[in-house]
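K.L.:
sequence plus predicted model, see below.
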Amino acid sequence: SVAVNSIGSGTTVVQNNEFITIDSCEIYNLYHPSNATAAVHVGANNAAWQINANKFYQTSPRSYTSAVTHRVLWITPNTANLTSASGFVINNNFIGGNNSLGTGTYAMSGTGAFSFSAMDLSVGLGTATSVQGNTITNISDSSSSTSSTAFCAINLANGNVNCGTVAGNLIGSRTANGSITYTLTGATGGLMGIRTGGGTGNTFNISNNIISGFDLYGNATTIAPEFFGINLFNSTIVNCTNNMIGDTSLPNSIQVLSPSATSTTPQRVSGIFANPAAGTPTFTISNNLICNIRNSYSATGSQAASTRGIVVNPTVTGTFAVTNNRISNISTSSQTTSGGATSTVVGISVSHTIGSTILNGNTIHSLSLTGTSTTAAVGNVGIFYSTPTTGTNTVNGNFIHSQTLFANNPFATITGMDVAAGNPVV
């Protein structure tokens with residue numbers, strides 16, 4: 001089911017649909033319980049559309065019965081590494097709510113392991129596609145999907161994209177907790193604010209975006225949802241700068257509210273998570289603010305459950321610069337004891353055996369362990385750093401303070417910096 005669908009000519013001489021405008025429209029109630037849906041689908045042989053100032057909403061709660069994906073904007077003209085499928089402008093759209101004012105709730109649930117994406121973009125390697133000033137909020141999603149991308153607000157699957165570089169996108173709210181709620185009903189699954197995907201030769205510039213006002217639920221026993229503010233997966237060049245994950249003016253602006261007390265899931269809650277697995281990436285992560293994240297997960301055990309500000313964990317050779325970020329007010333009730341890169345709470349976790357990471361000028365403070373155990377060997381680590389002996393690896397000018405432990409626990413450790421491997425310049 002699609003409201004607006006476009007596939008250009010596929011003849012010998014490709015004729016793109018170009019310079020199409022969708023402006024100031026209301027598109028709502030796109031729904032099918034068992035088929036994939038999209039409010040706007042732009043497929044092959046299209047370029048340079050303008051999709052501006054539109055409103056997308058659902059007037060009634062929607063229930064899904066199969067493992068389909070519901071997308072709002074599905075812009076996927078890049079079938080390979082094309083340059084022609086480029087130059088889209090996606091600005092000032094509002095996704096969420098149950099009416100044209102954007103209030104109420106865009107509600108989804110069901111027995112099927114469905115997924116949701118507000119924007120799913122696979123565009124070309126020519127003129128950068130621009131994604132500016134959009135708002136994604138007032139959404140409730142309850143799904144049994146086990147994918148870490150069960151909810152993905154903005155998925156940058158391929159191409160050259162400027163996301164928020166002129167006017168930041170707002171995902172959630174700066175003033176209201178739970179403007180986006182995600183409830184996991186399956187064994188594992190997760191939510192992402194912004195994600196970069198595959199492709200080669202692409203550049204993603206991700207700046208000035210705000211991700212805040214999220215409430216995540218599992219249950220009291222075994223179900224534990226995951227959260228990734230920005231997931232930097234595969235890409236050639238990523239510049240992730242000046243974003244805010246959590247909000248300085250909204251306490252607990254990212255919160256996992258279920259204790260999941262008997263879970264064995266290695267739950268991951270991360271502000272920025274960089275884990276490329278292909279190509280030779282160059283990632284810059286700088287001047288981001290990550291704050292006010294609270295995780296109520298209280299399980300015990302040695303599973304690699306960890307609440308972290310920034311994670312750099314590539315499996316391919318690349319260059320990673322993590323500089324001048326501010327990380328504060330992150331807490332967890334977890335009583336897991338994995339240690340190292342997946343210690344109970346970590347400000348910045350760097351762990352890889354190939355490639356180079358520069359870690360300079362970051363400020364980390366107010367990391368808290370709020371669990372009640374007096375015997376678990378939990379860990380509160382400002383910076384964990386484990387890199388190869390080759391490459392350019394430096395740790396310089398970082399400021400770490402105010403790490404706390406609430407329980408009277410002689411087995412717990414508080415570490416400002418743990419340089420576990422490699423020969424970094426410190």
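P.N.:
Now that the structure is in, tell me what you want to look at.

K.L.:
which stretches of this structure have low pLDDT?
P.N.:
For the chain, applying pLDDT under 70 flags the ranges 1-3, 6-14.

K.L.:
again, only using 90
P.N.:
1-17, 79-84, 111-112, 186-188, 197-201, 234-235, 278-279, 388-393, 420, 422-426 (pLDDT under 90).

K.L.:
just the helices in it please.
P.N.:
Here the chain has no helices by DSSP state H.

K.L.:
for Met192, give its distance to Ser117.
P.N.:
Going from Met192 to Ser117 by C-beta to C-beta, to the nearest Å gives 9 Å. C-beta: built from backbone N, CA, C; applies to glycine.

K.L.:
ah, wrong one, I meant Asp141
P.N.:
11 Å.

K.L.:
of Met192 and Ser117, who's got more company?
P.N.:
Neighbours were tallied for Met192 and for Ser117 using other C-beta atoms under 10 Å; the higher tally belongs to Met192 (26 against 23).

K.L.:
which residues does that one form a beta bridge with?
P.N.:
For Met192, the beta-bridge partners are Cys152, Phe228 (DSSP bridges).

K.L.:
I figured it hits Asn231, correct?
P.N.:
Yes. Under the criterion of C-beta atoms under 8 Å, Met192 makes contact with Asn231 at 5.0 Å.

K.L.:
shared neighbours, these two?
P.N.:
Overlap of the contact sets of Met192 and Asn231 (by C-beta atoms under 8 Å, 6 or more residues apart in numbering) consists of Ser148.

K.L.:
shared neighbours, Met192 and Ser117?
P.N.:
149, 151-153, 155.

K.L.:
which of the residues you listed lies closest to Asn329?
P.N.:
Within those, the smallest distance to Asn329 is 22.5 Å, found for Ala153 (C-beta to C-beta).

K.L.:
hang on, the closest one packs against Asn134?
P.N.:
No. Using C-beta under 8 Å as the test, Ala153 is too far from Asn134 to be in contact (9.4 Å).

K.L.:
got any residues that touch both of those two?
P.N.:
Here Ala153 and Asn134 have Met119 as joint contacts, going by C-beta under 8 Å, 6+ apart.

K.L.:
now do the same contact list for Leu199.
P.N.:
Check again: residue 199 is Gly, not Leu. Residues counted as contacts of Gly199 (C-beta under 8 Å, 6+ apart) are 78, 81, 122, 125, 157-159, 234-236.

K.L.:
try 6 Å this time
P.N.:
For Gly199, the contacting residues are Asn158, by C-beta atoms under 6 Å, 6 or more residues apart in numbering.

K.L.:
ok, now Pro424?
P.N.:
Counting by C-beta under 6 Å, 6+ apart, Pro424 makes contact with 393-395.

K.L.:
for it, which non-adjacent residue is closest in space?
P.N.:
What sits nearest to Pro424 in space, not counting adjacent residues and going by C-beta to C-beta, 6 or more residues apart in numbering, is Asn393, at 4.2 Å.

K.L.:
so that neighbour makes contact with Ser386?
P.N.:
No. Asn393 is beyond contact range of Ser386, at 9.9 Å (criterion: C-beta atoms under 6 Å).

K.L.:
which one's more surrounded, these two?
P.N.:
More crowded of Asn393 and Ser386, by other C-beta under 10 Å: Asn393, with 25 against 20.

K.L.:
distance of the more buried one relative to Asn17?
P.N.:
Distance, Asn393 to Asn17, using C-beta to C-beta: 48 Å.

K.L.:
just give me the neighbour total for Ser86.
P.N.:
Neighbourhood size, Ser86 [other C-beta under 10 Å]: 21.

K.L.:
distance of it from Ser306?
P.N.:
Per C-beta to C-beta, Ser86 is found 38 Å from Ser306.

K.L.:
contacts only, for Ile310.
P.N.:
Taking C-beta under 6 Å, 6+ apart, we find Ile310 in contact with 272, 348.

K.L.:
quick check: beta-bridge partners of it?
P.N.:
Counting by DSSP bridges, Ile310 is bridged to Ile272, Ile348.

K.L.:
from Thr105, how far out is it?
P.N.:
Going from Ile310 to Thr105 by C-beta to C-beta gives 31 Å.

K.L.:
same thing with Pro225?
P.N.:
Pro225 is 18 Å from Thr105, where distance means C-beta to C-beta.

K.L.:
mind listing residues that contact stretch 238-250?
P.N.:
Stretch 238-250 has contacts (C-beta under 6 Å, 6+ apart) with 174, 196, 204-212, 229, 232, 253-254, 271, 283-293.

K.L.:
just to revisit the earlier point, and Pro225 and Thr105? Which one has more around it.
P.N.:
Comparing Pro225 with Thr105 by neighbour count (other C-beta under 10 Å), the higher total belongs to Pro225, at 28 against 19.

K.L.:
contacts only, for that one.
P.N.:
Counting by C-beta under 6 Å, 6+ apart, Pro225 touches 184, 216, 218.

K.L.:
what about Gly397, neighbour count?
P.N.:
For Gly397, using other C-beta under 10 Å, the count is 12.

K.L.:
quick one, phi psi at the residue nearest to it when sequence neighbours are not counted?
P.N.:
Distance criterion C-beta to C-beta, 6+ apart; nearest residue to Gly397, sequence neighbours excluded, is Gly361 at 4.8 Å. Note on Gly361: backbone dihedrals following degrees, to the nearest 10 are phi 70, psi 20.

K.L.:
for Asn408, same thing?
P.N.:
Dihedral angles (degrees, to the nearest 10) for Asn408: phi -80, psi 90.

K.L.:
gap between it and Thr336?
P.N.:
Distance of Asn408 to Thr336, computed by C-beta to C-beta: 19 Å.

K.L.:
the two: which has the busier surroundings?
P.N.:
Taking other C-beta under 10 Å, Asn408 and Thr336 do not tie; Thr336 has more neighbours (29 against 8).

K.L.:
hmm, Ser306 and the more buried one touching each other?
P.N.:
No. The pair Thr336 / Ser306 is not scored as a contact, 7.7 Å apart, by C-beta under 6 Å.

K.L.:
give me every residue that touches Ala305.
P.N.:
Ala305 neighbours (C-beta under 6 Å, 6+ apart): 266-267, 334, 336.
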